[in-house]
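Participant: Got a sequence here, can you build the structure:
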Amino acid sequence: MVVNISPAAFLAMGQEVLASKPFSVLIGAELHALARGQCELHVPVSNQIRQQHALSTAVW
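Facilitator: Just a heads-up that it's a prediction; the model follows:
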């Protein structure tokens, strides 16, 4: 079943889901874009999520 939903409503729904997840809130994750096959998530690099020697890693 395919449901038609506006891009803005789809993004808002994704943002609500992300905001309801404690880990996402803890690290300050923000959903900036959401579309079929695409998701843009921003996570600030803060001391809270840095690893050894004040470095951070990312998975592409």
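Participant: make it CA atoms for all contacts and neighbour counts henceforth
Facilitator: OK.
Participant: Give the next helix or strand downstream of the longest helix belonging to the chain.
Facilitator: Criterion DSSP state H: the longest helix present in the chain is helix 7-19. Once helix 7-19 ends, the next helix or strand along the chain (criterion: DSSP states H and E) is helix 22-27.
Participant: Show the subsequent helix or strand relative to that next one.
Facilitator: strand 30-35.
Participant: relative orientation of the helix or strand that comes right after that next one and strand 30-35 in degrees?
Facilitator: Of the helices and strands lying after strand 30-35 in sequence (DSSP H and E), the nearest is strand 38-42. On the basis of axes from the mean of the first three to the mean of the last three Cα atoms, to 10 degrees, strand 38-42 is oriented at 170 degrees to strand 30-35.
Participant: For the helix or strand bottoming out on mean pLDDT in the chain, name the packing helices and strands.
Facilitator: Ranked by mean pLDDT, DSSP states H and E, the helix or strand of the chain with the weakest confidence is helix 22-27, at a mean of 91. On a contact count with 3 or more Cα pairs under 8 Å, 6 or more residues apart in numbering; DSSP states H and E, helix 22-27 meets helix 7-19.
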